[in-house]
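>>> after the sequence you'll find the predicted model.
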Amino acid sequence: MAQHASVTINRGFYLKSPEEKTAYANEIAKGFGISDADLEAVERYKDALSDHDAWNLPIMGYVNEEGFGYAYAPTEAVAADGWDAHKAFLDMPEGAQTAFAIRMLCTHRDVSRAGARMFLRYHRGIVVLRQEEDGTPMESSVE
C-alpha cells in the first residue's frame, strides 16, 4: 500500500481564537514546505473573500450533493458581485492553496472543513486525520 502524507488536526482548535488557529495551521503548513510568501498570499486571499462576502461559498470547489456525498462543482463559488472565489483560489500559487486548505481544517465552517479535506486528499494526496482534544484519535479519523 502506498504511503500518503497526512495532517492531524486536533478538534480543540475549532474553538480557539483566530490567531491561535492561524499559528497552528501555519506550523502544519510549514511542515509541508510552505513559504512565507505563500502564507502572505493566503492573507491577501482571505481579505478578498471578506471584500466580496464570499466566506460561505464552496471556495475549494466541493459541495455536498444532498446526501450523495461531496462533488467537485467549480462553478458554485461565485459571489453576489460576480467574483469567482474558486477561480481566485486556483489562481494562487500551489503552496498558498495548500496553506489555505490547511487553515480551513481548523475553521468553524463545516463547508470549509469538508472542502479542505477533499482538496487536500484529491489534489495534494494529503490524508486528514482528526484527534480529540486530549490527543486520542477520533473514531473514523481518516477522512
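Ah, there it is. In this text the structure is predicted, and so the values were computed from the model without any measurement.

>>> the closest residue to Gly135 other than its chain neighbours: what's it in contact with?
When the adjacent residues along the chain are set aside, Gly135 lies closest to Asn10, with 7.0 Å between them (Cβ to Cβ, 6 or more residues apart in numbering). Heads up, the C-betas are built off the backbone N, CA and C, glycines and all. By Cβ atoms under 8 Å, 6 or more residues apart in numbering, the contact set of Asn10 is 130-133, 135.

>>> quick check, pLDDT for Ala99.
In this prediction, Ala99 carries a pLDDT score of 96.

>>> name the helix or strand for it, please.
Assessed by DSSP states H and E, Ala99 sits inside helix 94-104.

>>> just checking, what packs against that helix?
On a contact count with 3 or more Cβ pairs under 8 Å, 6 or more residues apart in numbering; DSSP states H and E, helix 94-104 meets helix 18-30, helix 36-51, helix 85-91, helix 110-124.

>>> just checking, what packs against the third one?
Secondary structure elements in contact with helix 85-91, counted by 3+ Cβ pairs under 8 Å, 6+ apart, are helix 36-51, helix 94-104.

>>> ok, back up a step: buried members of the contacts of Asn10 into PyMOL, please.
Of the contacts of Asn10, the buried ones go into a single PyMOL selection, burial set by 16 or more other Cβ atoms under 10 Å:
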select buried, resi 130
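
>>> wait, which of the contacts of Asn10 is closest to Arg44?
Checking those against Arg44 by Cβ to Cβ gives Arg130 as the nearest, at 28.8 Å.

>>> can you report phi and psi for the closest one?
Backbone torsions of Arg130, given as degrees, to the nearest 10, read phi -120, psi 150.

>>> likewise for Ala77?
phi -110, psi 40.

>>> and it, what is it in contact with?
54, 57-59, 61, 84-87, 89.

>>> and the residue nearest to it when sequence neighbours are not counted, how close does it get to Phe13?
Nearest residue to Ala77, sequence neighbours excluded (Cβ to Cβ, 6+ apart): His86, at 3.8 Å. Distance, His86 to Phe13, using Cβ to Cβ, to the nearest Å: 25 Å.
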